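Chemist: pasting the structure only:
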């Protein structure tokens, strides 16, 4: 058997002395020597021995065998007792792809490129204090708001980014008030949510009071303990950590604990401190952490931070962090790793959480739109960062364009067409295709190809390692299986 194999038909009737059944579409790959992960087209998986897998494919399974019953209940085969199997599989498939009809829900407004931090791993290089050059204008913002409400999605999230978003606080206020006013004019108002990405270093009581009044959630950066955070995120005064922690406490007091979240980025300096970083998040009373690698865009490449470590080093860091989080849960600490949660929801439920980097077809445009400070519109935040490298491949247009023109952009349509992983070479045979997704911006940035050369893709290397690791942990430990199931259902 080759590394990946797929069976993509169910009209093949298999008959033997043990009865007959039809195969439903599935794929498989070796997990351990002699054991295989078998997945169906909606991500449900089973573990089969090589011998059981061969008998299953060749029609040799007895209907009384446990493997047979599991394969039938999880829609890998259908027989006279499960004539509804294909219809149930189709319903689950429709559920998984229903988000495509909802269109774009996340709209990112880059209010300014100005920032008083000088983080060397940042994808967007810090700019000067010239507001005229690096701040979005009211006119551009109003045009962007009009485009936001053209989206057919019933739920819209407006996220403010920078630079440091609160350095253009007057425009943030204008957008919030205008968006709320426009929403009230709709026959059926949308579910409208606001999020402000901020380092919290310049936030004031006035800003937080406005956020509290209009239910604006806060997303900040916390890279770990004080020494590590301040090394990763330098600013005048060398007090980034102190300002972040003080800002988190003040924001929680005014907005509520659940209204404040944090993200970390793994630098080379972070690699030895997986447990310490998790401990910092536990100490600050967060419910979980997203263990993120560096992104290969913009300023992070110019400063050589992206190439400071390879994917193998980050995966070792990730495994250490995840294993430690599992142990914390065994010790009674309710804490989760959010990337694992996202993947597990695709593995263990019939719904797709809509995480842009793990969508098929790609989440660019469909999952998010970025209205840049200069009025240009990009298909994703990563596409905006790619433009910082003077590659405007994924610029859809500007705020002066019509909604229809933006979404009939040739690059956008081609990227969607080529990123449907069910039909992409190597992805189509991969047992993990339904858990994964497509990231044409990443692969274009790395290889100048929407699909990418999979054997050389860090995106594939990282995800395949994590997929196998999650399965191995669940199969080896009933506690982990129960824990991961809870994570999947709460994602």
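Modeler: Perfect, I can see it now. Predicted model only: the values in this text are computed from it and were never measured. Residues are numbered from 1 along each chain as shown.

Chemist: and the helix or strand containing residue 482, what does it pack against?
Modeler: Per DSSP states H and E: residue 482 is located in helix 478-490. Under the contact definition 3 or more Cβ pairs under 8 Å, 6 or more residues apart in numbering; DSSP states H and E, helix 478-490 sits against helix 311-330, helix 338-348, helix 458-476. Where C-beta positions appear, they are placed from N, C-alpha and C, glycine not excepted.

Chemist: looking at those helices, which is closest to residue 46?
Modeler: Shortest distance between residue 46 and these, using Cβ to Cβ, is found for helix 458-476: 10.3 Å.

Chemist: buried residues, that closest one. List them.
Modeler: Residues 458-474 are the ones in helix 458-476 that count as buried (16 or more other Cβ atoms under 10 Å).

Chemist: next one: stretch 267-274
Modeler: Applying 16+ other Cβ under 10 Å to stretch 267-274 flags 267, 269, 270, 273, 274 as buried.

Chemist: mind checking how far the closest residue to residue 242 other than its chain neighbours is from residue 283?
Modeler: Leaving aside its chain neighbours, residue 242 sits nearest to residue 226 (7.7 Å; criterion: Cβ to Cβ, 6 or more residues apart in numbering). Distance of residue 226 to residue 283, computed by Cβ to Cβ, to the nearest Å: 11 Å.

Chemist: neighbour count winner among those two?
Modeler: residue 226 (14 against 10; other Cβ atoms under 10 Å).

Chemist: was I right to think that one contacts residue 241?
Modeler: Yes - contact criterion Cβ atoms under 8 Å: residue 226 and residue 241 qualify, at 4.4 Å.

Chemist: one step back: relative to residue 198, how far out is the residue nearest to residue 242?
Modeler: From residue 226 to residue 198 the distance is 19 Å (Cβ to Cβ).

Chemist: same thing with residue 147?
Modeler: If you measure residue 147 against residue 198 using Cβ to Cβ, the figure is 24 Å.

Chemist: okay, those two: which has more neighbours?
Modeler: Neighbours were counted for residue 147 and for residue 198 using other Cβ under 10 Å; residue 198 has more, 26 against 19.

Chemist: now for that one: which residues touch it?
Modeler: Residue 198 sits next to 162, 164, 165, 166, 218, 219, 220, 247 when contact means Cβ atoms under 8 Å, 6 or more residues apart in numbering.

Chemist: want to throw those into JSON lines with neighbour count and secondary structure?
Modeler: Below are the contacts of residue 198 laid out as JSON lines (neighbours: other Cβ atoms under 10 Å; DSSP: H, G, I helix; E, B strand; the rest coil):
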{"residue": "162", "neighbour count": "26", "secondary structure": "coil"}
{"residue": "164", "neighbour count": "23", "secondary structure": "coil"}
{"residue": "165", "neighbour count": "27", "secondary structure": "helix"}
{"residue": "166", "neighbour count": "24", "secondary structure": "helix"}
{"residue": "218", "neighbour count": "25", "secondary structure": "strand"}
{"residue": "219", "neighbour count": "17", "secondary structure": "strand"}
{"residue": "220", "neighbour count": "20", "secondary structure": "strand"}
{"residue": "247", "neighbour count": "20", "secondary structure": "helix"}
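
Chemist: format these as JSON lines; extra columns: distance to residue 122 and pLDDT.
Modeler: Listed next are the contacts of residue 198 as JSON lines, based on distance: Cβ to Cβ, whole Å; pLDDT from 0 to 100:
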{"residue": "162", "distance to residue 122": "10", "pLDDT": "91"}
{"residue": "164", "distance to residue 122": "11", "pLDDT": "95"}
{"residue": "165", "distance to residue 122": "14", "pLDDT": "96"}
{"residue": "166", "distance to residue 122": "16", "pLDDT": "97"}
{"residue": "218", "distance to residue 122": "19", "pLDDT": "98"}
{"residue": "219", "distance to residue 122": "15", "pLDDT": "98"}
{"residue": "220", "distance to residue 122": "14", "pLDDT": "98"}
{"residue": "247", "distance to residue 122": "19", "pLDDT": "97"}
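
Chemist: number of nearby residues for the closest residue to residue 247 other than its chain neighbours?
Modeler: Leaving aside its sequence neighbours, residue 247 sits nearest to residue 200 (Cβ to Cβ, 6+ apart; 2.8 Å). Neighbourhood size, residue 200 [other Cβ under 10 Å]: 26.

Chemist: phi and psi next, for residue 98.
Modeler: Backbone torsions of residue 98, given as degrees, to the nearest 10, read phi -60, psi -20.

Chemist: what's the distance between it and residue 92?
Modeler: Between residue 98 and residue 92 the computed distance is 11 Å (Cβ to Cβ).

Chemist: these two: which is more packed in?
Modeler: Ranked by neighbour count (other Cβ under 10 Å), residue 98 and residue 92 place residue 92 first, with 18 against 11.

Chemist: can you classify that one by secondary structure?
Modeler: Here residue 92 is helix, with the state taken from DSSP: H, G, I helix; E, B strand; the rest coil.

Chemist: thought it was touching residue 350?
Modeler: Yes - with contacts defined as Cβ under 8 Å, residue 92 counts as touching residue 350 at a distance of 4.5 Å.

Chemist: hey, what's in contact with both of these two?
Modeler: Joint contacts of residue 92 and residue 350 (Cβ under 8 Å, 6+ apart) are residue 42.
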